[in-house]
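Asks: I'd like to go over a predicted model; first the sequence, then the structure.
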Amino acid sequence: MVRIFCLLVLCSVLSPLQGAALELSEKQIFEKNSLYQYISVVEDSVKKERYVRNQKREYAQGGIYLNAPDKLLFEFTQMGFVSLAFLDRDPKDVLFVGLGAGAMPRYFAWHYPEAVIDIAEIDPDMLAVAQKYFYFKDNERMKTHIEDGRLFVKRAKKKYDWIVLDAYQNDYIPFHLTTLEFLKEVKSRLKDDGVVVSNITSTFRNKFFDSMVMTYKKAFPHFYILKGRKSGNFIFIALAGSKIKDRDSVEARARKVQSARKFDIDLEDFASRYEPAEAYEWGRAKILTDDFAPVNLYQHQRSAAP
Amino acid sequence: MIKFVVFICGAIVMSFEILGSRVLAPNFGSSVFVWGSLISVFLAGLSAGYYLGGWLADKKPSSRKLSLMIIIPGIFFLTFPLYSAPIADWIFTKDLGVRLSPFLASIALFLIPSLFLGIVSPYTAKLMICSLHTSGKTIGTLYALSTFGSIIGTLITSFYLITIAGTNTLIMGQGILLVAVAIPLYFMDLVCAVEK
């Protein structure tokens, strides 16, 4: 009995400590339970950075440098732009699925002011947060649609040059945005030479990663993988067309984009590091479909492949 | 036996509801509107089923009739893959808005099966009540078994079943289970000894 009491006391002392897992230099400036998630905006006064998080202890979904809000803070957002080197021309029509803090669309719009951008974001509060704390603004060329990404893609009449898939719910992708059927719908919304880029977080090689690779392979004729150096992020770059891209032409294009659009990230370095997905072949990994897609479980299971 | 049937039906209702979210997601997403539609339609089906079940129970109840009430949703489940995608696709193309579309799809796909599963509880209560002195206990036991079944159904489906088999396979599996428990019920004659 005494022991149980002690345990209870211990729990009650420890639990508030656990909840407040902010670093000492961090300060929470906004918090809300939206329709879909817990949203917390946190500022780090030492690093001079601001993040948006969905769980108190989890990684940030997006963020900015307070002193340089036009730079890309996170590696995965930088890596995503290398996919532009797989397109032989400038993208005109662009779709982002998942807004986050809006860093990627904002950066893109800044470097491609002539492009027409659609953004599909399910959570109206996320848009409000991006606007209030992350300098995000819709305008006549960039419009955020409050809608489920899958529905937006299915209903879209337009075809896009570049589609960015970055919709997360906490630390996993909603299952209906991972399936073969969804990827085929995405492909049908791409122009003939269009490119889709997807951010896949994977702290270790788990079953989800393997299944995702096999599903992309099935949906797209060519697809490439880039692994983050600093983070556990992978970038998947898939092409709607059947033309194979050789590394030289991708690197050359990256150089060209880099200088023409004055990117302050090293696109060429990213372009030198991608791998063709042919290097990844796991026959045992299951393809994800609308009927079968246990994404939550697969995220936590180690890969069966060697 | 009849208690087991109540447990299974309770389990299948909630298991079907969990799987329902998977059925709706490809066409209607996973917005709050989808969840709201799904849950309210299941509850509507159940409450209509309870009412109807109570009404039917007063008209010469028999375990044979009960088994038919269970075979009907069983057949819906067994044929679910045949009609679910065409219906959902058709409602999607009508584009009735983010609220109405998933609501209508839920009604079309889930209302009737959940109604029949709702009939089971009051109907079995009537079959099992032998005396007014113990009717409270009988009804309490059935409620508890049905809801306990729902808990097990929810847990097993979301924790395990979804991770090992496809949605359509699981729904058809539920259909097989319902038919399997209904058939022996058909040949049993469960009428209260005291009443006779």
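Replies: Nice, I can see it. Residues are numbered from 1 along each chain as shown, chains lettered A, B, ... in the order given.
Asks: what distance separates the lengthiest strand in chain A from the middle of the whole chain?
Replies: Using DSSP state E to define each element, chain A has its longest strand at strand A:190-201. The chain centroid and the centroid of strand A:190-201 are separated by 12 Å under Cα atoms, centre = their mean, to the nearest Å.
Asks: List the neighbouring strands of that strand plus their orientation.
Replies: Sheet pairing here is set by DSSP bridges, and for strand A:190-201 it gives strand A:160-165 (parallel), strand A:233-239 (antiparallel).
Asks: ranking those by mean pLDDT, which is last?
Replies: For these, the weakest mean pLDDT is recorded on strand A:233-239, namely a mean of 93.
Asks: Contacts for that strand next, please.
Replies: If you take Cβ atoms under 8 Å, 6 or more residues apart in numbering or on different chains as the criterion, strand A:233-239 is touched by A:75-76, A:79-80, A:82-83, A:86, A:183, A:187, A:193-202, A:209, A:212-213, A:216, A:219-228, A:245, A:274. Just so you know, the C-beta spots here come from the backbone N, C-alpha and C atoms, and that holds for glycine as well.
Asks: how does it look with 7 Å?
Replies: A:75-76, A:79-80, A:83, A:86, A:195-202, A:216, A:220-228, A:274 (Cβ atoms under 7 Å, 6 or more residues apart in numbering or on different chains).
Asks: Just give the number of residues close to residue 155.
Replies: Going with chain A. When neighbours are counted by other Cβ atoms under 10 Å in any protein chain shown, A:Arg155 registers 14.
Asks: that answer is for a different chain, and I need it for chain B
Replies: Counted with other Cβ under 10 Å, B:Leu155 comes out at 15.
Asks: So, low pLDDT: which residues of the chain?
Replies: By default, I'm working from chain A. Applying pLDDT under 70 to chain A flags residues A:1-21, A:56-58, A:203-204, A:305-306.
Asks: Oops, wrong one, chain B.
Replies: Short version for chain B, where the test is pLDDT under 70: B:190-196.
Asks: picking that back up, please indicate which of the contacts of strand A:233-239 are buried?
Replies: A:75-76, A:79-80, A:83, A:86, A:195-202, A:216, A:220, A:222-226, A:228, A:274 (16 or more other Cβ atoms under 10 Å in any protein chain shown).
Asks: The residue nearest to B:Leu78 when sequence neighbours are not counted: which element?
Replies: Leaving aside its sequence neighbours, B:Leu78 sits nearest to B:Gly175 (Cβ to Cβ, 6 or more residues apart in numbering or on different chains; 3.6 Å). Assigned by DSSP states H and E, B:Gly175 falls within helix B:167-187.
Asks: residues in contact with that helix?
Replies: Contacts of helix B:167-187 (Cβ under 7 Å, 6+ apart): A:291, B:1, B:4-5, B:8, B:12, B:15-16, B:19, B:22-23, B:63-64, B:66-67, B:70-71, B:73-75, B:77-78, B:80-81, B:161.
Asks: Output it in PDB with nothing but the alpha carbons.
Replies: The C-alpha coordinates for helix B:167-187 follow below in PDB (Å, rounded to 0.1, in the frame of the first residue of the first chain):
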ATOM      1  CA  THR B 167     -10.300  -4.400 -45.400                       C
ATOM      2  CA  ASN B 168     -12.500  -6.300 -47.800                       C
ATOM      3  CA  THR B 169     -11.200  -9.700 -46.700                       C
ATOM      4  CA  LEU B 170     -11.900  -8.700 -43.100                       C
ATOM      5  CA  ILE B 171     -15.500  -7.600 -43.800                       C
ATOM      6  CA  MET B 172     -16.200 -10.800 -45.700                       C
ATOM      7  CA  GLY B 173     -14.700 -12.700 -42.800                       C
ATOM      8  CA  GLN B 174     -17.200 -11.000 -40.500                       C
ATOM      9  CA  GLY B 175     -19.900 -12.100 -42.900                       C
ATOM     10  CA  ILE B 176     -18.700 -15.700 -42.600                       C
ATOM     11  CA  LEU B 177     -18.600 -15.500 -38.800                       C
ATOM     12  CA  LEU B 178     -22.200 -14.100 -38.700                       C
ATOM     13  CA  VAL B 179     -23.500 -16.900 -41.000                       C
ATOM     14  CA  ALA B 180     -21.600 -19.400 -39.000                       C
ATOM     15  CA  VAL B 181     -23.200 -18.400 -35.700                       C
ATOM     16  CA  ALA B 182     -26.600 -18.000 -37.300                       C
ATOM     17  CA  ILE B 183     -26.900 -21.500 -38.800                       C
ATOM     18  CA  PRO B 184     -26.800 -23.500 -35.500                       C
ATOM     19  CA  LEU B 185     -29.200 -20.900 -34.000                       C
ATOM     20  CA  TYR B 186     -31.700 -21.700 -36.800                       C
ATOM     21  CA  PHE B 187     -31.900 -25.400 -35.700                       C
END
